[in-house]
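Trainee: Using only what follows, build the 3D model:
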Amino acid sequence: MPTTLNRAERKFAAALRTLARSLRLADLFLLPAFGLLLFLVALGTAVVDAFRYYLLKTSAEKFLAGPVMSYGDSQRKVRDLDAVKPSLSLEAKLATNTYRVGGSSHIRTLWPGPVAEQPDMSRASLWWVCPAQVYGYDAPLLGRGRVTVNWENCIKCESCWRAEPDRALWGRFTDHRLIYRPESGAIATCAVR
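Mentor: Numbers count the residues shown, from 1 in each chain. Below is the predicted model of the structure:
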């Protein structure tokens, strides 16, 4: 092998050698034979279905009522999430959520260092990406704008620092907590204790 091959080409060549060494003589016959068997089964099924449909005049409804189609239909019904109706609506469930406001803000905004880049803050996605409207920006006529961080509204969705990692400093481990109450039969048991 020439020494000018790069690392990727050498790795690919080594992988092909390993694959060639791992093949057995039986693999060269069994794999194509298995593929041929699958093809013949599919062809036979198509011929039988064509015979039933064209010569025996079996209706399409009867074909669709067969075991394979009914199994597929039952699987679709089981996977249908809209068929199951929860006891509470999503809005009613979310209305039970509360939060405990922390003692200090877990969110800070980071201003760009150079003065020339500071007007770019008005185009940051912080002002529209947060669903709880934690961030507010008042653009000035001249100079630096004013940022308001309503960290008490934060629902810890993490969208701000994911959208603007260079503009938001977001701390996970604070005493600011979102409190939600999942439905469970064990809640009544815990309340008794």
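Trainee: which residue of the protein sits farthest from its center?
Mentor: Farthest-out residue of the chain from its mean C-alpha position, per CA atoms, centre = their mean: L55, at 48.9 Å.
Trainee: and that one, what pLDDT?
Mentor: Per-residue confidence (pLDDT) for L55: 89.
Trainee: For it, what are phi and psi?
Mentor: Dihedral pair for L55: phi -90, psi -40, per degrees, to the nearest 10.
Trainee: Quick one: residues contacting it.
Mentor: Not one residue lies near L55 by CB atoms under 8 Å, 6 or more residues apart in numbering. Where C-beta positions appear, they are placed from N, C-alpha and C, glycine not excepted.
Trainee: confidence score at the closest residue to L126 other than its chain neighbours?
Mentor: Nearest in space to L126, with sequence neighbours left out and distances taken as CB to CB, 6 or more residues apart in numbering, is Y135 at 4.5 Å. At Y135, the model reports a pLDDT of 84.
Trainee: can you offset everything so residue one is 703?
Mentor: In the new count, where the first residue is 703, that last one comes out as Y837.
Trainee: returning to that earlier point: look up how far R864 lies from the residue farthest from the centre of the chain.
Mentor: Separation of L757 from R864 (CB to CB, to the nearest Å): 62 Å.
Trainee: In this structure, where is pLDDT below threshold?
Mentor: The model of the chain has pLDDT under 70 over residues 703-707, 792, 796, 801-806, 814-821, 843-846, 873-895.
Trainee: Would you map the strands across this protein?
Mentor: Remark: strands assigned in the chain by DSSP state E are 800-802, 809-811, 837-840, 848-851, 870-872, 879-881.
Trainee: contact partners of the fourth one?
Mentor: The set of residues that contact strand 848-851 without belonging to it, under CB under 8 Å, 6+ apart, is 807, 809-811, 823, 836-840, 842.
Trainee: before we move on, what about the fifth one?
Mentor: Where contact means CB under 8 Å, 6+ apart, the residues beyond strand 870-872 that reach it are 808-812, 828, 837, 860, 862-863.
Trainee: Mind picking the two most distant members of those residues?
Mentor: Spatial extent of the contacts of strand 870-872 (CB to CB) is set by the pair L812 and E860 at 16.2 Å.
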